[in-house]
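>>> I would like the atomic coordinates for the input below:
(one chain, ligands or ions: 1)
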Amino acid sequence: MNLLLIRLIIFAVLFFAGLKLYRMYREWKLEREDSTQAGSQGGQMVRCAWCQVHLPEDDALRDKGQWFCTADHRDKYLEERKHED
Ligand SMILES: [Zn+2]
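Down below sits the predicted model:
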């Protein structure tokens, strides 16, 4: 009877220790994923030179060193620049 109780206590301690370790690991993994996501070059935001809207670099158009949200805004911006010259 005593041996069974000791086994139960050991099992419970191991179980809670494992649970705690698992939770710590999950938090650590989430923190790591957050920091890597923020630091990656994929999710960088750029600003449309015409309408000043912010959008992901992947969805933006690049022309003459400027970013644009659509080809339409790129054309408008370049048209405006042409008049200035
Ligand atoms: Zn735009």
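>>> quick one, phi psi at the closest residue to Val53 other than its chain neighbours?
Once flanking residues are discounted, Val53 sits nearest to Cys69: 5.3 Å by Cβ to Cβ, 6 or more residues apart in numbering. (C-beta placed from N, C-alpha, C; glycine too.) Per-residue torsions, Cys69: phi -80, psi -30 (degrees, to the nearest 10).
>>> and Glu57, how many residues sit next to it?
Residues near Glu57, counting by other Cβ atoms under 10 Å, number 13.
>>> how close does it get to Tyr22?
37 Å (Cβ to Cβ, to the nearest Å).
>>> list the contacts of the residue nearest to Val53.
48, 50-51, 53, 55, 59-61 (Cβ atoms under 8 Å, 6 or more residues apart in numbering).
>>> likewise Leu78?
63-64.
>>> does Val46 count as helix, strand or coil?
The three-state assignment at Val46 reads strand, by DSSP: H, G, I helix; E, B strand; the rest coil.
>>> ok, Asp34 to Glu27 distance?
11 Å.
>>> mind giving me the domain split of this structure?
Following automatic domain parsing, the chain resolves into domains at 1-40, 42-85.
>>> so where is the chain shaky, pLDDT-wise?
Scanning the chain for pLDDT under 70 picks out 1, 36-42, 85.
>>> and with 80 instead?
Residue ranges of the chain with pLDDT under 80: 1, 34-43, 84-85.
>>> all helices of it, in order?
Here the chain has its helices, by DSSP state H, at 2-39, 71-84.
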